[in-house]
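Novice: only geometry, no sequence info:
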Ligand SMILES: Nc1ncnc2c1ncn2[C@@H]1O[C@H](COP(=O)(O)OP(=O)(O)OP(=O)(O)O)[C@@H](O)[C@H]1O
Ligand SMILES: O=C([O-])CC(=O)C(=O)O
Ligand SMILES: [Ca+2]
Ligand SMILES: [Mn+2]
């Protein structure tokens, strides 16, 4: 390699073929045949101008499906042009104003490449009226360009060219900023309360569903649609949710940013070209006008952010937040409504499968380890965050993963680290301005830095993302009080108790000063996303676990040896050993003792884990402080559970009493 000269950063002249250093000589007296100077180094290109040369670079995408039934066009085959026209009409209908008869002209393609836009693909929005009308508003005179299901490479170019804060990092991922919001805004979620949802949904204390009326929804919908149609271009993604083919949902996402389009490209299931041709009308549509605020004068609005769900119309409107997780979790809420109607349980859980087909679910609130622990080099990944459990087994709802990046390291989480490459969207990370190397420890923008990548980026992803009935149900809690054991085995009633409680305790705030752990209870480990009363999901889980003989476990991925401040977070390597012992079945065979207050069964030994940490009572230097903290946490659990006491759980009347008895005893 020495002949290449510049490899070590030093500069040298290239050698000539004869081995002499120096520049090649310029020949002023060329060949005799003609007097024009030629560069004969290779064959020339078939172009007369630079523009022509550029036009050679790109060839048209291959028509997606070969015409069915051999070379003869099938009797009812739709021409490519006709199909594109239908697609555009469907998008035009999505973008239609509900109050005006005419809207913008919808056209396919990038507005910056006008010459490439075939005029045939222009669709007028004209509703109710069939005869040509005169335009009565300026908005009906303009074009809105549709960038439909663009590829990651195209979206990269769009983001880098048009969206400030978009950069390619050294690993090839796209770094973006989500704007003022770097997390979800649950207090700004609104759900339309109508005659149907009134009875079906969970309303009132503890419920994530804050009501709005149909009229206000339409006001916000119009605001979002007007904003989107005022732009030169919008991104449209047509994709699927749920890998179970029978219960698959078609979703359309209309957004203003390439970042949002690439995020959803990664997070939803990507249709094949054939599936896209037959996509038709979506089952659910998101209008993401996140850069544009809602109007505070609008009824029900308490901030300039509003995330509005209308189950009757099958639509969601996003105003005033660009955090992409709103779309992901918004659709999850929709699944939490649609799936239980079909007797399918929707779950805020990770899921993986061993070589022998044993499936494990990982429940837990944000930051407790669903993504980290379900991404396991020795097992097949089914999904990291959202699943369905039906009569056929489990299926992932999504087509991608959304991993926390803070303090990410190649050593501890190699599969996630390596998934951060071309195509991956990284939100709010900080990187070196020159090398574009990401500093995973930097919290300057937010602590909630994230990477969204297609699930295939994990080497042992199970595609299609489905599996048999779970054998283990692992409830993760990051207990910053440091009193829950690293692992305990749960009976069914205890599993229900902890599932309904949905406990975790993170450390509040990032300001300096005293940081007290903050207990969080979120029913079903995802109260922000559920639509029905928690006991509905809990009863379904109990029924399924019983029927399929699954074992429940409670795993503390939080503190040991004291609360936050004096103790330390349990080493990820130990948690992995604990999880290994659950998967292998060896933990089921272990010897157990019972803890005080919570009555949890804890093993006395696990391979690869120091035995003394298995009982928190051993690890606290101050025994009195331990008992006090344990009692305090038990009290918080009891207080939280009070709201569930009046609810019937499932058809089994005794279950409610049994579940209550499975809680802490103080
Ligand atoms: N013992 C441990 N077990 C699990 N995770 C740990 C442990 N110690 C530290 N961590 C860190 O805690 C974080 C767990 O976050 P993870 O992304 O897995 O959360 P999640 O449950 O998937 O949350 P979300 O629903 O918000 O995506 C990771 O950053 C991981 O590195
Ligand atoms: O939804 C998000 O923003 C991230 C996430 O997975 C969660 O909070 O459960
Ligand atoms: Ca996750
Ligand atoms: Mn989640």
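Specialist: Noted; the coordinates are in hand. For clarity, every value in this text was computed on a predicted model and none was experimentally measured. Ligands and ions are numbered 1, 2, ... in the order given.

Novice: from here on, contacts and neighbour counts on C-alpha atoms
Specialist: Fine.

Novice: ok, and the closest non-adjacent residue to residue 365?
Specialist: Nearest non-adjacent residue to residue 365, counting by C-alpha to C-alpha, 6 or more residues apart in numbering: residue 525, 5.2 Å away.

Novice: what is the neighbour count of the one you found?
Specialist: By other C-alpha atoms under 10 Å, the residues close to residue 525 number 28.

Novice: quick one: it and residue 348 touch, right?
Specialist: Yes - counting by C-alpha atoms under 8 Å, residue 525 does reach residue 348; the two are 6.6 Å apart.

Novice: residue numbers of this structure in contact with ligand 1?
Specialist: Within the chain, the residues that sit near ligand 1 (C-alpha under 6 Å from any ligand atom) are 364-372, 403-404, 406, 557, 570-572, 575.

Novice: recalculate using a threshold of 5 Å.
Specialist: Applying C-alpha under 5 Å from any ligand atom, we find that the chain lies next to ligand 1 at 366-372, 403-404, 557, 570-572.

Novice: make TSV out of these and add pLDDT.
Specialist: Converted to TSV, those look like this (pLDDT from 0 to 100):
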residue	pLDDT
366	92
367	92
368	96
369	97
370	97
371	97
372	97
403	97
404	96
557	98
570	97
571	97
572	98
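
Novice: check these and tell me the two furthest apart.
Specialist: Pairwise distances across those (C-alpha to C-alpha) peak at 19.6 Å, for the pair 403 and 570.

Novice: out of the two, name the residue with the larger neighbour count.
Specialist: Regarding residue 403 and residue 570, a neighbour count based on other C-alpha under 10 Å identifies residue 403 as having more, with 26 against 18.

Novice: C-terminal to the strand or helix carrying that one, what's the next element?
Specialist: Element membership of residue 403 [criterion: DSSP states H and E] is strand 400-404. Beyond strand 400-404 on the C-terminal side, the first helix or strand identified by DSSP H and E is helix 414-419.

Novice: same for the following helix or strand past that following helix, what does it pack against?
Specialist: Once the chain leaves helix 414-419, the next helix or strand it forms, by DSSP H and E, is strand 425-427. Other elements packing on strand 425-427 under the criterion 3 or more C-alpha pairs under 8 Å, 6 or more residues apart in numbering; DSSP states H and E are strand 174-176, helix 258-267, strand 450-454.

Novice: distance from the last one to the middle of the chain?
Specialist: So the one you mean is strand 450-454. 7 Å (C-alpha atoms, centre = their mean, to the nearest Å).

Novice: circling back to that earlier point, give me whichever of the helices and strands packed on strand 425-427 is most buried.
Specialist: helix 258-267 (a mean of 27; mean count of other C-alpha atoms under 10 Å).

Novice: how far off strand 450-454 does that one point, in degrees?
Specialist: Using axes from the mean of the first three to the mean of the last three C-alpha atoms, to 10 degrees, the direction of helix 258-267 lies 60 degrees away from that of strand 450-454.

Novice: which outside residues touch helix 258-267?
Specialist: Contacting residues not belonging to helix 258-267 are listed as 149, 152, 155-156, 158-159, 163, 176, 235-237, 239, 253, 255, 324, 327-328, 398-402, 423-425, 452-455 [C-alpha atoms under 8 Å, 6 or more residues apart in numbering].

Novice: please redo it, this time with the cut-off set to 6 Å
Specialist: With contact meaning C-alpha atoms under 6 Å, 6 or more residues apart in numbering, helix 258-267 is reached by 155, 159, 398, 399, 400, 453, 454.

Novice: who's the last one bridged to?
Specialist: In this entry, residue 454 is beta-bridged to residue 400, by DSSP bridges.

Novice: now, the residues of the chain next to ligand 1 that are in strands?
Specialist: Among the residues of the chain next to ligand 1, DSSP state E puts 403, 404 in strands.

Novice: does the closest residue to residue 608 other than its chain neighbours belong to a helix, a strand or coil?
Specialist: Closest residue to residue 608 apart from its sequence neighbours, by C-alpha to C-alpha, 6+ apart: residue 577 at 6.2 Å. Look at residue 577: counting by DSSP: H, G, I helix; E, B strand; the rest coil, its state is helix.

Novice: next: the one 5 residues further on.
Specialist: For residue 582, the secondary-structure state derived from three-state DSSP is helix.

Novice: can you tell me how far it sits from ligand 1?
Specialist: 15 Å (C-alpha to the nearest ligand atom, to the nearest Å).

Novice: so how many other residues sit close to that residue?
Specialist: The number of residues near residue 582, taken as other C-alpha under 10 Å, comes to 24.

Novice: find me the pLDDT at it, would you?
Specialist: Residue 582 carries a pLDDT value of 98.

Novice: try residue 623
Specialist: pLDDT at residue 623 comes out at 95.

Novice: and for it, nearest residue in space, chain neighbours not counted?
Specialist: residue 617 is the one closest to residue 623 (C-alpha to C-alpha, 6+ apart), at 6.9 Å.

Novice: assumed the one you found was part of a helix.
Specialist: Yes - looking at residue 617 with three-state DSSP, it is inside a helix.

Novice: and the helices in the stretch 151-300 of the chain?
Specialist: Along the stretch 151-300 of the chain, the segments classed as helices by DSSP state H, counting those that start in this stretch run 152-162, 195-200, 214-230, 258-267, 273-277.

Novice: the stretch 351-500 of the chain: helices as residue ranges?
Specialist: Under DSSP H, counting those that start in this stretch, the stretch 351-500 of the chain gives helices at 370-374, 414-419, 492-501.

Novice: how about the residues of the protein by ligand 2?
Specialist: So the chain meets ligand 2 at 325, 366 (C-alpha under 5 Å from any ligand atom).

Novice: so which helix or strand of the chain has the lowest pLDDT on average?
Specialist: Lowest mean confidence among the helices and strands of the chain (mean pLDDT, DSSP states H and E): strand 122-123, at a mean of 65.

Novice: re the thing from before, quick one: the residue nearest to residue 608 from residue 553, how far?
Specialist: 14 Å (C-alpha to C-alpha, to the nearest Å).

Novice: in terms of neighbours, single out the busier of these two.
Specialist: residue 553 (25 against 15).

Novice: next, the more buried one: phi, psi?
Specialist: Torsion angles at residue 553 (phi, psi; degrees, to the nearest 10) stand at phi -140, psi 150.

Novice: again, but for residue 560
Specialist: According to degrees, to the nearest 10, residue 560 has phi -140, psi 150.

Novice: tell me the bridge partners for the closest residue to ligand 1 within the stretch 401-550 of the chain.
Specialist: For the stretch 401-550 of the chain, the residue closest to ligand 1 is residue 404, as judged by C-alpha to the nearest ligand atom, at 4.3 Å. Applying DSSP bridges to residue 404 gives these bridge partners: residue 450.

Novice: before we move on, back to that, mind putting the helices and strands packed on strand 425-427 in a markdown table, distance to residue 606 included?
Specialist: Converted to a markdown table, those look like this (distance: least, C-alpha to C-alpha, whole Å):
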| stretch | distance to residue 606 |
| --- | --- |
| strand 174-176 | 41 |
| helix 258-267 | 36 |
| strand 450-454 | 33 |
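
Novice: with distance to residue 337 and mean pLDDT added, can I get these in TSV?
Specialist: Below are those laid out as TSV (distance: least, C-alpha to C-alpha, whole Å; pLDDT from 0 to 100):
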stretch	distance to residue 337	mean pLDDT
strand 174-176	32	98
helix 258-267	20	98
strand 450-454	25	98
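
Novice: the ones you listed: which one's closest to residue 416?
Specialist: strand 450-454 (8.9 Å).

Novice: show residues contacting the closest one.
Specialist: So strand 450-454 is contacted by 266, 400, 401, 402, 403, 404, 405, 424, 425, 426, 427 (C-alpha under 6 Å, 6+ apart).

Novice: go with 8 Å
Specialist: 263, 266-267, 399-406, 419-420, 423-429.

Novice: count of neighbours near the nearest residue to residue 420 once chain neighbours are set aside?
Specialist: Spatial nearest neighbour of residue 420, excluding adjacent residues (C-alpha to C-alpha, 6+ apart): residue 173 at 5.9 Å. Neighbour count of residue 173, defined by other C-alpha under 10 Å: 22.
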